[in-house]
Each structure stands twice: as structure tokens, then as C-alpha cells.
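[1] Sequence first, predicted coordinates after that:
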Amino acid sequence: MAKIDYLFSLMEPAEHAVYTPHLTAVSCTDRDYLVRLNAEIFDIDLEEASGFVNSSLDDDRCKAWLICGRDAQKPLPPAGSIPSHDPTDGLTVIGCFILYCTPTYASMAGFGLLAEYRGRGLSIESLDLICGKLPQTVKRMDAHTDSENPTACSLYQKYGFVILEELPS
């Protein structure tokens, strides 16, 4: 049986304002970090993670983001810096995603959290934050996930996405 990837779609993303997670843009010089993070989150080898990250970020309309937990008592790091897993710097990386965005359309791939941060409601809070960062002109947002990942499929459906299409792998 062939693996199917689902294309989920959310029409008219709502404006949300939940800011427990914090988003940090990843600069092009930090691709190696993002590759290692993707390999860990999705339990894939570095070569597969590298292929995904590099092919995504070769498109100028794609931008990678880290999802971080923020200690409200600590200042934010400089823009473009990669926070460590050291909670003393105020940010702890908990996940990542890649977003392709035009003025009216957004597409998200590679959305995931590190295993130790799953099951705490942070995925919903992160989606709230992501949708809240979209330009108001965005009328549709798609999210790609593996149909063999029932947790991701359930998350997207719980958030209001509907399966738009089943894509061959």
C-alpha cells in the first residue's frame, strides 16, 4: 500500500492571540541546526532531513521558524540568533516549521515539536501564534502531513483544517 500525504486546508485563518510559544526566524546560515532539529523531531536520518530543509529553503518565499518556549522574566535574544536548549537564556527550542507565504496564501510544512514537549497543548498554541502572524490578506492556509501520522492529522482537524486532497508520496 502506497503512503499517502494529506493536504489539509484552512480557509480564512482566524486572528488569534496566544503567546505562550515564541517564534524565532531561522537565518540561512542556521540550516545545519534546522536539519538536526528536523531529524530529531521527525525521527528521520540527517540526509532525509537535509533534503527537506534545503529544498524548502531554496525557495525565497519560504522561511523557517523555530518554536520556542519563553521565560517571561528573560529578555529575547537578538533577531536571527538560534536559542539553545539552555533555559537560562530565556528561550528553549521546542519545535519548528517552514512557511511558504504569498499575499493571499500560506502553506506550512515540517511543523513539529520535540518529543518532550508533546501532549501539553503547545501545538494548538503554536498554530494560534502562526496564524496570528499571517498577513490579514491571507485567505487560505494549507498544511502538509503524512497520512500515517494520526496525531498530526487529528491536530489539524481539531484546529479546523479539512482534508483537501490526498497526495501520492
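    Sure thing, it's come through.

[2] just the helices in this structure please.
    Taking DSSP state H as the test, the helices found in the chain are 31-42, 46-57, 122-133, 150-159.

[3] Flag every buried residue along the second one.
    Neighbour-count burial for helix 46-57, with 16 or more other Cβ atoms under 10 Å as criterion, is recorded at Ala49, Ser50, Phe52, Val53, Ser56, Leu57. For glycine as for every other residue, the C-beta is placed from the backbone atoms N, C-alpha and C.

[4] what's that helix packed up against?
    Where contact means 3 or more Cβ pairs under 8 Å, 6 or more residues apart in numbering; DSSP states H and E, helix 46-57 is packed against helix 31-42, strand 62-70, strand 91-101, strand 105-113.

[5] partners of the third one in the sheet?
    The reference is to strand 91-101. Applying DSSP bridges, strand 91-101 is found paired with strand 62-70 (antiparallel), strand 105-113 (antiparallel).

[6] Extract the C-alpha set from that strand and format it as CSV.
    C-alpha atoms of strand 91-101 as CSV (Å, rounded to 0.1, in the frame of the first residue of the first chain):
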residue,chain,number,x,y,z
LEU,A,91,14.3,30.6,25.3
THR,A,92,14.2,26.9,24.8
VAL,A,93,13.6,25.4,21.3
ILE,A,94,10.6,23.2,21.4
GLY,A,95,9.9,22.7,17.7
CYS,A,96,10.0,24.2,14.2
PHE,A,97,8.1,24.7,10.9
ILE,A,98,8.6,26.0,7.4
LEU,A,99,6.1,28.5,6.0
TYR,A,100,5.7,29.4,2.3
CYS,A,101,3.7,32.6,2.1
